[in-house]
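Enquirer: no letters, just coordinates:
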């Protein structure tokens, strides 16, 4: 009993994780690579390089990278103060805010961008409400506007990671600093910052790859201001005649390489700056520096943030969903709820789409959490090369633009020699969501797990706990919040996933996202917006329910 | 083509086998790869020959408009008892899906919104000719294939859509859009996303020669903005953010107008381009009889009436639309489809570069 069997379990677990990752992620992506070097029935190794040599390409690549860096800056400005407020001030008891702050992230990016566009454009809602503010329009339709929209969409993501880290840091370390006479800035610089760095690095990397892999905002807003990025280029080659998978996949490979480089840098930082914080002594939150005006300032900050990330886009979305005629604009006699009635009638196409979304994402998020937790535990502290390989593989779907990953999956699962008839079934959709979103759980669980001191496991063993007992009573409770966050994240994004669904849903099947997209394509903007309100509302309700169940359990 | 196809899948199979082995995954997939594929093909063709009458399935990939595609499918289902699986998307989405499924095609019939792309499918040998289609002789011969590889069962015309609250006297010629009074007020759909917009550009250029580029240069100079696919270009005009769309698809405008939106369309006097919407049977079809019956249905009186009701131009010359301008009321450019098909990619490239 003990050491040897634990080692064996680890080795087997690692092997199986690698096999699973290879089957689910790596081989489908290799299919893409094959496609990119295989032109008109002939093997041409130089094909990707020829694509890359095309002069415009370099500019587009830098456009993507610059956007990614700016969005990291933007999300940091929004998420860092918020995380600090929500872990160090009295407002930390506002747990509902965590659910509310998921709303921007749950809003499909192209819908959020549409909301902003409708609000800010010429003759838009802002101008209809405050005609004198029309001078803002040209300032908004710029690169800065795009960074703002994307930051407002992605910041909750960084916030959740940072808050988690700050809560784990707890108050005692900082209090020690204060006792020794360190001022606030000194404490921030010498205690909080180094401890925060690994979580921040992880979050920033994910923000970066999410940004450069994002398609919705560049497609709606970027196109308006003529800002081209890799995803819009790839999408062009993949969805307009003549289709050129070769060019698209070559570009995707470069994007992938860029992301892997960033990932490498991040993992170096991570290894250097990870500290064991949960040592079994328990921690309590710090309430050191909360004076009256800090609270006031915090409330103001949160209100402004909510206004910009939810208030404005949802004003537009709801307004657009209740308009009889879009050409008339904001007017009381132009108000109608007919679109909602049409959507919610039982047995209608839209209802079916909505139910499809809910069930598909429930299935996908549950499977993704189990797989992701497993991978995260296998990765552990990513000390060995194999562990780092698992880490890199499980991150791949987050570093490849969704559309590329999806094409890889189609090529792989619809091959003539594939013995499992998964293609064109619901199973395929669930599998696609799982593959696309498994990195979230991996990240969240990893972030929770790497800060648990191994001394805790050793203590468990010393007291005679077998591997399963140690896992059940020590590891599981500590990583459960991470798993829950991963589940929530996966559910919310899966329920609004668009790019993959468009390509992979069996004929005659729709989800809420493809339904919305189809309405926009058909000119039924109001109907599409109504569906957006309903599907985001539904996910929010579900999350509130879960959150309240969760906190009740905590009370007992 | 057949040879190439066999070679291709053969090569791929080999490569995948090698890859799979390299990864140390000697699992079921490899061992059964060859027999399972051959087996599937054999049963596929046997099933087709022996069970034509019990074949109750058809997979259709159709470009919008959404409502029309659904009505056509419902009409065919009611008539034949066949269950149709319908996938809807833009022409680009459908082509992408077909490309991804190349090794194992699923669709039986495709309905696209662009003639050059179906000509491309024909050139690649992907279409199944059906020269005996009923009523095919009544189709507009300019848009159909003589060998029966595709049938343009509906069409749209391109015009200038304008917001009636913002534009009191609509322009009458394409050149009017270059006037200073319309500076920064006009959208034009992106030809890489809109097949019909591309049809307009290539059609205009094929009729006017290289001098045709002057018009687009003037547009660019007048701040015309390239704005997504058709509906994305039209929507800002409905809400009043822009005043007009050049090369707007007419049926979308008619539909918005019928709802009561402040919008209308004109066809410039020097002529415009029609964008036919072809349907084709794919050679890889597993349900050939049903696919042929579906084409027959699309050409029937009933289906053509549905087309006209959706504010599209009927493909048959003997069916008239009463909710929109008919073909004889629309001035046309003398465009060359052959040239348009060949030069599509170059024109897209040059145009999108110019308007970026």
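Expert: Noted; the coordinates are in hand. The structure displayed is predicted, hence computed values, not measured ones.
Enquirer: which parts of the stretch 1-150 of chain A sit against chain B?
Expert: A:19, A:22-23, A:26-27, A:30-31, A:34, A:38, A:41, A:43, A:118, A:121-124 (C-beta under 8 Å from any C-beta of the partner chain). For glycine as for every other residue, the C-beta is placed from the backbone atoms N, C-alpha and C.
Enquirer: what's the neighbour count on the residue nearest to residue A:547 when sequence neighbours are not counted?
Expert: Counting by C-beta to C-beta, 6 or more residues apart in numbering or on different chains, residue A:99 is the residue found nearest to residue A:547 once chain neighbours are left out, at 5.4 Å. For residue A:99, the count of nearby residues is 20 (other C-beta atoms under 10 Å in any protein chain shown).
Enquirer: check contacts around the residue lying closest to residue B:173 once chain neighbours are set aside.
Expert: Excluding its sequence neighbours, the residue lying closest to residue B:173 (C-beta to C-beta, 6+ apart) is residue B:268, at 4.9 Å. The contact partners of residue B:268, by C-beta atoms under 8 Å, 6 or more residues apart in numbering or on different chains, come to B:159, B:160, B:171, B:172, B:173, B:174, B:176, B:331.
Enquirer: could you redo the last one with a cut-off of 10 Å?
Expert: When contacts are counted by C-beta atoms under 10 Å, 6 or more residues apart in numbering or on different chains, residue B:268 touches B:158-160, B:170-177, B:246, B:331, B:333.
Enquirer: neighbours around the residue of the stretch 451-556 of chain A found nearest chain B, how many?
Expert: Per C-beta to the nearest C-beta, the residue of the stretch 451-556 of chain A with the smallest distance to chain B is residue A:507, at 3.8 Å. For residue A:507, the number of neighbouring residues by other C-beta under 10 Å comes to 17.
Enquirer: I'd say it and residue B:60 touch.
Expert: Yes. The criterion here is C-beta atoms under 10 Å, and residue A:507 meets it with residue B:60 at 7.6 Å.
Enquirer: what touches both of these two?
Expert: In contact with both residue A:507 and residue B:60: B:84, B:85, B:86, B:87, B:88, B:107, using C-beta under 10 Å, 6+ apart.
Enquirer: re the thing from before, how about the residue nearest to residue B:173, secondary structure?
Expert: coil (DSSP: H, G, I helix; E, B strand; the rest coil).
Enquirer: ok so, going back, just the shared contacts of residue A:507 and residue B:60: which are in strands?
Expert: Those of these mapping onto strands are B:84, B:85, B:86, B:87, B:88, per DSSP state E.
Enquirer: which of those sits closest to residue B:140?
Expert: Of all those, residue B:140 sits closest to residue B:88, with 24.5 Å by C-beta to C-beta.
Enquirer: on that earlier part again, hmm, which of the ones in strands among the shared contacts of residue A:507 and residue B:60 is lowest in pLDDT?
Expert: Across these, the smallest pLDDT goes to residue B:88, namely 85.
Enquirer: contacts only, for that one.
Expert: So residue B:88 contacts A:507-508, A:510, A:514, A:518, A:521-522, B:60-66, B:69-70, B:73, B:94, B:111 (C-beta under 10 Å, 6+ apart).
Enquirer: tell me how far it lies from residue A:452.
Expert: Applying C-beta to C-beta, to the nearest Å, the value for residue B:88 to residue A:452 is 49 Å.
Enquirer: repeat that for residue B:161.
Expert: 62 Å.
Enquirer: please say which of these two ends up with more neighbours.
Expert: residue B:161 (30 against 19).
Enquirer: hmm, residue A:303 is touching residue A:309, no?
Expert: No. Judged on C-beta under 10 Å, residue A:303 makes no contact with residue A:309 at a distance of 11.1 Å.
Enquirer: the two: which has the busier surroundings?
Expert: More neighbours surround residue A:309 than the other of residue A:303 and residue A:309, with 24 against 11 (other C-beta under 10 Å).
Enquirer: ok, the more buried one - contacts?
Expert: So residue A:309 contacts A:78, A:100-101, A:103-105, A:107, A:112, A:149, A:151-153, A:155-156 (C-beta under 10 Å, 6+ apart).
Enquirer: where does the stretch 151-300 of chain B dip in pLDDT?
Expert: Judged against pLDDT under 70, the stretch 151-300 of chain B has no low-scoring part.
Enquirer: how about the strands of it, start to end?
Expert: B:151-163, B:186-188, B:225-226, B:244-249, B:263-266, B:274-281 (DSSP state E, counting those that start in this stretch).
Enquirer: do chain A as well
Expert: Using DSSP E, strands in chain A cover A:38-39, A:42-43.
Enquirer: which one of these lies closest to residue B:144?
Expert: Comparing these under C-beta to C-beta, the one sitting nearest is strand A:38-39, at 32.3 Å.
Enquirer: contacts only, for residue B:59.
Expert: Here residue B:59 is in contact with A:424, A:506-508, B:83-87, B:105-110, B:282, B:285-287, B:290-291 (C-beta under 10 Å, 6+ apart).
Enquirer: quick check: residue B:80 touching residue B:287?
Expert: No. Proximity of residue B:80 to residue B:287 does not meet the contact threshold set by C-beta under 10 Å, at 11.2 Å.
Enquirer: more neighbours: which of the two?
Expert: Ranked by neighbour count (other C-beta under 10 Å), residue B:80 and residue B:287 place residue B:287 first, with 21 against 17.
Enquirer: quick revisit: mind checking which of the contacts of residue B:88 are buried?
Expert: Buried by 16 or more other C-beta atoms under 10 Å in any protein chain shown: A:507, A:510, A:514, A:518, A:521-522, B:60-66, B:69, B:73, B:94, B:111, out of the contacts of residue B:88.
Enquirer: can you pull the pLDDT of the spatially most central residue of chain B?
Expert: The centroid of chain B falls nearest to residue B:113 when counting by C-alpha atoms, centre = their mean (1.7 Å). Residue B:113 is assigned 88 on the pLDDT scale.
Enquirer: of the strands of chain A, flag the one that's most buried.
Expert: strand A:38-39 (a mean of 18; mean count of other C-beta atoms under 10 Å in any protein chain shown).
Enquirer: now it: mean pLDDT?
Expert: Average pLDDT, strand A:38-39: 69.
Enquirer: before we move on, what about stretch A:246-266?
Expert: Here the average pLDDT along stretch A:246-266 is 74.
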